[in-house]
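Colleague: need a 3D model of the sequence below.
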Amino acid sequence: MIKEYIAHNEPKMLEELFSLIRIPSISPKPEHHDDMLACAERWAQLLSAAGADEAIVMPSAGNPIVFAQKIVDEQAKTVLVYAHYDVMPAEPLELWKSNPFEPEIRDGRIWARGADDDKGQSFIQVKAFEYLVKNNLLTHNVKFIFEGEEEIGSPSLESFCREHKELLKANIILVSDTSMLGADLPSLTTGLRGLAYWEIEVTGPNRDLHSGHFGGAVANPINVLCQLISRITDADGRITVPGFYDDVEEVPQAERDMIAHIPFDEEKYKQAIGVKALSGEKGYSTLERNSCRPSFDVCGIWGGYMGEGSKTVLPSKAYAKVSCRLVPHQDHHKISRLFADYLCSIAPDTVQVKVTPMHGGQGYVCPIDLPAYQAAERGFEKAFGKKPLAVRRGGSIPIISTFEEVLGIKTILMGFGLESNAIHSPNENMPLDIIRKGIEAVVEFHLNYR
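Modeller: Now for the predicted structure:
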């Protein structure tokens, strides 16, 4: 019956999704402040139309938050659905094959920024809810909280949750903002890595200098920055910050064995991302490295002259944005302090180094014996025809651990993304077939959650 409902209503559904995607709700850019409110208001309209008793836009310390609920029985269990309506910037625009904020359907996929992360995935949740309400199949309460700051670390959501703890009271949280191993290999995310993020500023001379007059006599901040960054990891791919691994829990051999049995073609993996070889921490497989081991990455680096042509300049300053993915039990506040102290300690006297902590979050692990997890398993099995694998993923959703700390609720990570969906990259997309199956899986989750 759900398949027929989707087929009959798909044109209308897609136009509703497209109305969200067309709003450039880019949280990292302040000039999109009005777009954030417009997107929140549009979500409230759609949640109300889907059958919520109330759907309102609420203020926070930052971008507005959408809250909606359907109470069918005060004594029944409550599912809290979390999602985010903000998206990453679309640059570099020249690499897109179509306008990132004018969705197109090509090759059975929706192409647009937010098609997957997270407008497409959150839309799956809302359409499943709509089907259940309209067919009188909902036996428990459902609440929604959609925020507009996930892509910048959810800085306002913790205080919102603390202030509205009673409003958000629920038994389980359901999130569709993660990915599967493949379109024919459904999986449920049972763990997420945490995150710590910094901006590094290296200052040398008090102004840009002529490299002919001063080169070789004065330290170049860009050179020093590169040298400092190169010392963060050793030849075995381990992070050299003292104390960094103190709280890292070794992955149990039973779980390593389970990871080893996940179907994974390393050659196809390399071909898909266009590299000849892989790298990472010695002694661990690729799937272990990118899911349950910590990592360090330079996310951006700049300084000096970057215009056309040449300019022989020894710059005054150099900058980098760097991050560490953390594993459960690593506290991002502690790691942030350790990293800043270490970098400053190894900096030479020829420059000044400033390390500014940015956003961060804790890791998360979900028990697989929860009734809600088992309901999600049955949902995937119904929609995709096979039981989903339980896997840890390398990404971070900082608010998930905050939910557990503040609200005391576990989260089920029921995501439908694919690696080929290119989230955060040009030509982000979402297969229509996955959206259809996703709606069916979420419907089945609600029907089985008791």
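Colleague: residue 143 belongs to a helix?
Modeller: No: membership of residue 143 in a helix is not supported by DSSP: H, G, I helix; E, B strand; the rest coil, which gives strand.
Colleague: right, and it touches residue 166 too?
Modeller: No: Residue 143 lies out of contact with residue 166 (CB atoms under 8 Å); the separation is 11.6 Å. For the C-beta atoms, the positions are set from N, CA and C on the backbone; glycine is no exception.
Colleague: looking at those two, which is more packed in?
Modeller: Ranked by neighbour count (other CB atoms under 10 Å), residue 143 and residue 166 place residue 143 first, with 20 against 6.
Colleague: just list whatever residues bridge to the more buried one.
Modeller: Beta-bridge pairing of residue 143 under DSSP bridges involves residue 69, residue 80.
Colleague: just the pLDDT for the closest residue to residue 152 other than its chain neighbours.
Modeller: Residue nearest to residue 152 in three dimensions, not counting chain neighbours: residue 27, with 5.1 Å by CB to CB, 6 or more residues apart in numbering. Looking at residue 27, its pLDDT stands at 98.
Colleague: kindly report the same for residue 367.
Modeller: For residue 367, the pLDDT comes out at 87.
Colleague: what about it, is that helix, strand or coil?
Modeller: Secondary structure assignment for residue 367 (three-state DSSP): coil.
Colleague: all helices of the stretch 1-150 of the chain, in order?
Modeller: 2-21, 33-50, 119-134 (DSSP state H, counting those that start in this stretch).
Colleague: may I see the buried residues of the shortest one?
Modeller: Of all the residues in helix 119-134, those buried under the rule 16 or more other CB atoms under 10 Å are 119-133.
Colleague: just give me the closest of those to residue 316.
Modeller: Nearest to residue 316, judged by CB to CB, of the buried residues of helix 119-134 is residue 119 at 41.9 Å.
Colleague: tell me how far the closest one lies from residue 304.
Modeller: Separation of residue 119 from residue 304 (CB to CB, to the nearest Å): 38 Å.
Colleague: before we move on, what about residue 67?
Modeller: For residue 67, the distance to residue 304 - CB to CB - is 47 Å.
Colleague: go on, residue 225?
Modeller: Applying CB to CB, the value for residue 225 to residue 304 is 11 Å.
Colleague: the lowest-mean-pLDDT helix or strand in the chain: how far from the chain's middle?
Modeller: Counting by mean pLDDT, DSSP states H and E, the chain has its least confident helix or strand at helix 253-260, which shows a mean of 85. Offset of helix 253-260 from its chain centre (CA atoms, centre = their mean, to the nearest Å): 25 Å.
Colleague: I'd like the next helix or strand past that helix.
Modeller: Sequence order places helix 266-273 as the next helix or strand after helix 253-260, per DSSP states H and E.
Colleague: quick one: contacts of that next one?
Modeller: The contact list for helix 266-273 (CB atoms under 8 Å, 6 or more residues apart in numbering) reads 276-278, 286, 419-420.
Colleague: and it, how far out from the chain's middle?
Modeller: The chain centre lies 22 Å from the centre of helix 266-273; the measure is CA atoms, centre = their mean.
Colleague: do stretch 307-325 as well
Modeller: Distance of stretch 307-325 from its chain centroid, counting by CA atoms, centre = their mean, is 27 Å.
Colleague: so how many other residues sit close to the nearest residue to residue 62 once chain neighbours are set aside?
Modeller: In space, and not counting its chain neighbours, residue 62 is closest to residue 156: 3.7 Å by CB to CB, 6+ apart. By other CB under 10 Å, 19 other residues sit near residue 156.
Colleague: ok, now which ones touch residue 156?
Modeller: Applying CB under 8 Å, 6+ apart, we find residue 156 in contact with 60-63, 65, 147, 149.
Colleague: how much space between it and residue 49?
Modeller: Going from residue 156 to residue 49 by CB to CB gives 27 Å.
Colleague: quick one: low-confidence parts of the stretch 1-150 of the chain?
Modeller: Within the stretch 1-150 of the chain, no range satisfies pLDDT under 70.
Colleague: residue 357 - that's part of a strand, no?
Modeller: Yes: checked against three-state DSSP, residue 357 lies within a strand.
Colleague: so it makes contact with residue 340?
Modeller: Yes: between residue 357 and residue 340 there is a contact at 6.8 Å, judged by CB under 8 Å.
Colleague: so which elements touch the least confident helix or strand of the chain?
Modeller: Applying 3 or more CB pairs under 8 Å, 6 or more residues apart in numbering; DSSP states H and E, we find helix 253-260 packed against helix 286-289, strand 389-393.
Colleague: given the helix or strand just after the first one, what are its sheet partners and their directions?
Modeller: Later in the chain than helix 286-289, the nearest helix or strand by DSSP H and E is strand 295-303. In the sheet containing strand 295-303, its partner strands are strand 317-326 (antiparallel), by DSSP bridges.
Colleague: got the angle for the helix or strand following the partner strand vs strand 295-303?
Modeller: As assigned by DSSP H and E, the chain's next helix or strand after strand 317-326 is helix 332-346. Per axes from the mean of the first three to the mean of the last three CA atoms, to 10 degrees, the angle that helix 332-346 makes with strand 295-303 is 60 degrees.
Colleague: shared neighbours of residue 357 and residue 340, which are they?
Modeller: Counting by CB under 8 Å, 6+ apart, the contacts common to residue 357 and residue 340 are residue 198.
Colleague: between these two, which one's more packed in?
Modeller: Shown here are residue 357 and residue 340; by other CB under 10 Å, residue 340 has more neighbours (19 against 16).
Colleague: enumerate every residue touching the more buried one.
Modeller: Residue 340 is in contact with 198, 355, 357, counting by CB under 8 Å, 6+ apart.
Colleague: which one in this structure is furthest away from the centre?
Modeller: Here the chain reaches farthest from its C-alpha mean at residue 213, the gap being 47.1 Å by CA atoms, centre = their mean.
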